[in-house]
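# here is the input, now give the coordinates:
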Amino acid sequence: MVRKVFKETSAIRFEGNGYSEAWVKEAKKRGLLNLRRAPEGLAQLQTKAAKDLFKSTRILTEAELESRYHVRVERYVKDVLIEMETLAEMLETQILPAGYAYLNALAEGAAKSKQAGIKVVPQKAAAEATGKVVAALQAKTGALHAAIKRAHALHEDGAKCAAFLTSTGSDAMLACRELSDKLEVSIGDEYWPLPRYREMLFPV
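Below is the predicted model:
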């Protein structure tokens, strides 16, 4: 029995890291689906194979399957929109203001050093480097707001909205997160309003 099952399941077994790129290539080689995002997985409930399976086993009628698909897509859309709107609020009310305050402190320090006749003013270089990150984050925050607005406009078409959120929406959030992470490691502790990664992961 073990030998029989081992052979039958060889096409879907993988002894490596199932989250790695190696599995992505291997799955494609074996002709297997590699559904990496929720809407892609949920869309399988709409396939003929799924409908035939649930109908033949008398688990769900086609109408019941359709209903469950739409409920789950709507739940996905709502959850991702909550995440996007929460991130946008954190950026506007915490992260960006912290960046502005830090830049202001650096600018004041640089101005005072110049007035005092100090030739080496390191605050200037720090302000310019931080300013570039803050400006980029400001732009990406605007793109995030635009994505949120677009998602709300697509809300009547759940599948289309979910596809948008899992691509453009997800990319917009990731871009903001990467810049926020970069800002976190360059801004002074007294200006950063949130627990830092090192504080959460390696508390002293």
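# now the farthest one out in this structure, which residue is it?
Distance from the C-alpha centroid of the chain, by C-alpha atoms, centre = their mean, peaks at Gly117 (47.1 Å).
# what is the longest helix of the chain by residue count?
Counting residues, the longest helix in the chain under DSSP state H turns out to be helix 122-153.
# secondary structure element for Ala11?
Using DSSP states H and E, Ala11 sits in no helix or strand.
# mind checking pLDDT for the closest residue to it other than its chain neighbours?
Leaving aside its chain neighbours, Ala11 sits nearest to Arg30 (5.6 Å; criterion: C-beta to C-beta, 6 or more residues apart in numbering). C-betas here are computed from N, CA, C, even on glycine. Note for Arg30: predicted pLDDT of 86.
# surely Arg30 is in contact with Arg13?
No. With contacts counted by C-beta atoms under 8 Å, Arg30 stays clear of Arg13, the gap being 10.0 Å.
# and the gap between the residue nearest to Ala11 and Ser20?
Counting by C-beta to C-beta, to the nearest Å, the gap from Arg30 to Ser20 is 15 Å.
# ramachandran angles for Met90?
When read as degrees, to the nearest 10, the backbone of Met90 gives phi -60, psi -40.
# same question, Thr93
Dihedral angles (degrees, to the nearest 10) for Thr93: phi -100, psi -10.
# number of nearby residues for it?
11 (other C-beta atoms under 10 Å).
# over to Ala98?
21.
# quick check: it touching Ser186?
No. Counting by C-beta under 8 Å, Ser186 is not a contact partner of Ala98; they are 11.2 Å apart.
# let's verify Tyr191: helix, strand, or coil?
coil (DSSP: H, G, I helix; E, B strand; the rest coil).
# what helix or strand is the closest residue to it other than its chain neighbours on?
Nearest residue to Tyr191, sequence neighbours excluded (C-beta to C-beta, 6+ apart): Tyr102, at 4.4 Å. Secondary structure assigned from DSSP H and E places Tyr102 in helix 96-115.
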